[in-house]
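A.B. asks: any chance you could fold what I've pasted below:
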Amino acid sequence: MTLSALAPSFKRPGKIYFFAGILLFCLGIVGLSAARKEFLEANIPRDATHESIDFTADLGTYLPGARVYNGSINIQDLSFEIVEQNGSPGQKNPPVSLGTHLETEGDLIVYASLSNIAKAASLRLYANPPIIQDEFRVEPAGIDISIQPNTLVVTIWNDANQEKHYSYKLDLLEHTELELIFTDQKVELYLNKKQIASIPSVNIFSSGKIWFGASSEGGDYTLSRLAARPINGGRIQRILSSEITINPADTDTIQGLARKNRSGFTIGAAMALGPMVADSEYRQIALNGNFGSITTENSLKWQFTEPMRGQYAFQETDALLALAEKHGMILHGHTLVFGEANPLWVTSLPYATEMEKNTIETVMVDHIRSIMGRYRGKIPTWDVVNEPLADYDHFKSEAVLRDSIWYRAMGEAYIKKAFQAARLADPEAKLFINEYGLEADGERWDAFLSLITRLKREGVPIDGVGFESHVYEASDKIDSETLASHMMQLADIGLMSRISEIDVYDDDGPEVQANQFRDILMACINTPSCISWTTWGISDRYNMYKEDGSVKYGRDLLWDDGMQPTLALKTLLSTLNRSLDNRSQ
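C.D. replies: The predicted structure follows:
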């Protein structure tokens, strides 16, 4: 209704009527604005039951630190952190649910209900799972909503990993209803039905996927609902990682050819759950028969399994085990006791007194019992002690063992105690020491052989040795005859061998790389006591390292960053085929 439409009702126009009309017009505009705001707020599709997908139960199953309690999810503070190689504090590693995710098309709303926040609560949405390397984490595009005392902080990363932070003051809320509306133009954030942010879109979910994470700090909080709903004609679908399928290999695989050459011989690779469930090309290579075993790349290292004393996280290893069993593979447990990759609560344990040293021994034994006890009869081989020798730059004839928290508390005896605890935890499992730099003659090999011979003589229940076989540069090149002779020396004292972490640099050309892979595989497969050959990774797409603070990519594996076979893989396949031909003659 306009002012002119009202004019005929005024018989005697004058100033008083004019100003009265203006006042009515203004009041009408205000009323219409208020009504429009009320209409908009009332019609924001907040009902998460219609066409919505609820992820609350999924978090209770798949998210580290999540516990189901009275129908809600209690999000515990696990203090996940990736520590530096020297044991100092490193990068935060908030948990992600990798068991399920959302595939999206168009606009959508995400709903979350949070309450009983002890100190700080965080909800994260990722375009893809983070990539975890040995000492760092690579963040995908995503958004983090963090509720802290009197403050809400929104952090957004785009595909270029550029961050934007938005901070809003708020009262400390007993119960918080969050609504995130994602469109091509912007991200709108509602808190308890009031809009508090409208952020220009940075195209964070161009992958068409959303993965969920939740974490807390300084206590815990309750997550009673996490759901999503399409709007404006959008579509969403819930995807269970366990139901993702692969196509059978249409040609001979390296595992298939290796077993034709020697029955029971296993080809393996270190694998991670993130790329397994998010990258269809990685998953196809990993699970279609190329490999007979999966080595847990990071999921069984102490900082991921027991980030706080007595608080365990098994979700990723459970999922890897389920995938291995589904596809006729075995899982190799890596690793239980290591001088690195330990959470700060472990590395900061005091060891000055006998009581403190006994506490460290108890911590180690409890950890072994808890981890191996969970997987008793399910994981057949374990790296019980990883890299006990001192690093090259610290190695001396009088200082053979690594100066770890375990060595400081127990001396060399920690190795014996770790293996004894492992044998009690799973009497049927095969127990390995895993070490690098054992392939060449010299004082490192001599010291290791002396150590392992002494331990076997003392009755320590060691079943075998893992030769890591990392070839990072020309000086690391491995002579296959020397390697085979070392494996045979171990066989003479009753020990199996395995090639446990092989990767080979390509700076000297793909032919040199291919020949190293080939020679080491054939040395192992032709030595009866060598039971398996495992690469440290599958594809150079995830072969990352840090140099001068930036992430770089290596070219050390059997598939390149485009998931295509390298010359090394082609050479292995042709060598195994020729070997079969020779055996049949």
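
A.B. asks: surely Gln489 forms part of a strand?
C.D. replies: No: judged by DSSP: H, G, I helix; E, B strand; the rest coil, Gln489 forms no part of a strand; its state is helix.

A.B. asks: how many neighbours does it have?
C.D. replies: Counted with other C-beta atoms under 10 Å, residues neighbouring Gln489 total 16. C-beta coordinates here come from the backbone N, C-alpha and C atoms, glycine included.

A.B. asks: now the residue nearest to it when sequence neighbours are not counted: which helix or strand?
C.D. replies: Nearest non-adjacent residue to Gln489, counting by C-beta to C-beta, 6 or more residues apart in numbering: Leu449, 6.5 Å away. Using DSSP states H and E, Leu449 sits within helix 443-457.

A.B. asks: distance check, the residue most central in space within the chain against Asp220.
C.D. replies: Nearest to the geometric centre of the chain sits Ile132, at 5.0 Å (C-alpha atoms, centre = their mean). Noted for Ile132: a distance of 24 Å to Asp220, by C-beta to C-beta, to the nearest Å.

A.B. asks: distance of the residue nearest to Gln489 from Met487?
C.D. replies: 12 Å.

A.B. asks: give me the helices and strands touching the helix holding Leu449, please.
C.D. replies: helix 413-425, helix 480-492 (3 or more C-beta pairs under 8 Å, 6 or more residues apart in numbering; DSSP states H and E).

A.B. asks: got the angle between the last one and helix 443-457?
C.D. replies: Using axes from the mean of the first three to the mean of the last three C-alpha atoms, to 10 degrees, the direction of helix 480-492 lies 20 degrees away from that of helix 443-457.

A.B. asks: can you pull the contacts of Leu240?
C.D. replies: Residues near Leu240 by C-beta atoms under 8 Å, 6 or more residues apart in numbering: Gly99, Thr100.

A.B. asks: dig out what it forms beta bridges with.
C.D. replies: On the basis of DSSP bridges, Leu240 is bridged to Thr100.

A.B. asks: check the residue nearest to Gln489 and give its pLDDT.
C.D. replies: Note for Leu449: predicted pLDDT of 98.

A.B. asks: what of Ser397?
C.D. replies: Confidence at Ser397, expressed as pLDDT, is 67.

A.B. asks: now do the longest strand anywhere in the chain: which elements does it pack against?
C.D. replies: In terms of residue count, the longest strand belonging to the chain (DSSP state E) is strand 220-230. Judged by 3+ C-beta pairs under 8 Å, 6+ apart, the packing partners of strand 220-230 are strand 53-54, helix 56-62, strand 72-76, strand 108-115, strand 120-126, strand 209-217, strand 235-240.

A.B. asks: quick one: closest of these to Leu431.
C.D. replies: Proximity to Leu431 (C-beta to C-beta) singles out helix 56-62 among the helices and strands packed on strand 220-230, at 29.9 Å.

A.B. asks: off-centre distance for that closest one?
C.D. replies: Relative to the chain's own centre, helix 56-62 is displaced by 17 Å; criterion: C-alpha atoms, centre = their mean, to the nearest Å.

A.B. asks: show me what counts as buried in it.
C.D. replies: Thr56, Asp58, Leu59, Gly60, Tyr62 (16 or more other C-beta atoms under 10 Å).

A.B. asks: and stretch 334-349, by the same measure?
C.D. replies: 334-347, 349.

A.B. asks: could you give the mean pLDDT of it?
C.D. replies: The pLDDT scores in stretch 334-349 average 96.

A.B. asks: ends of that stretch, how far apart?
C.D. replies: Using C-alpha to C-alpha, to the nearest Å, the end-to-end distance of stretch 334-349 comes out at 23 Å.

A.B. asks: what's the answer for stretch 530-550, then?
C.D. replies: Length of stretch 530-550, first residue to last, C-alpha to C-alpha: 38 Å.
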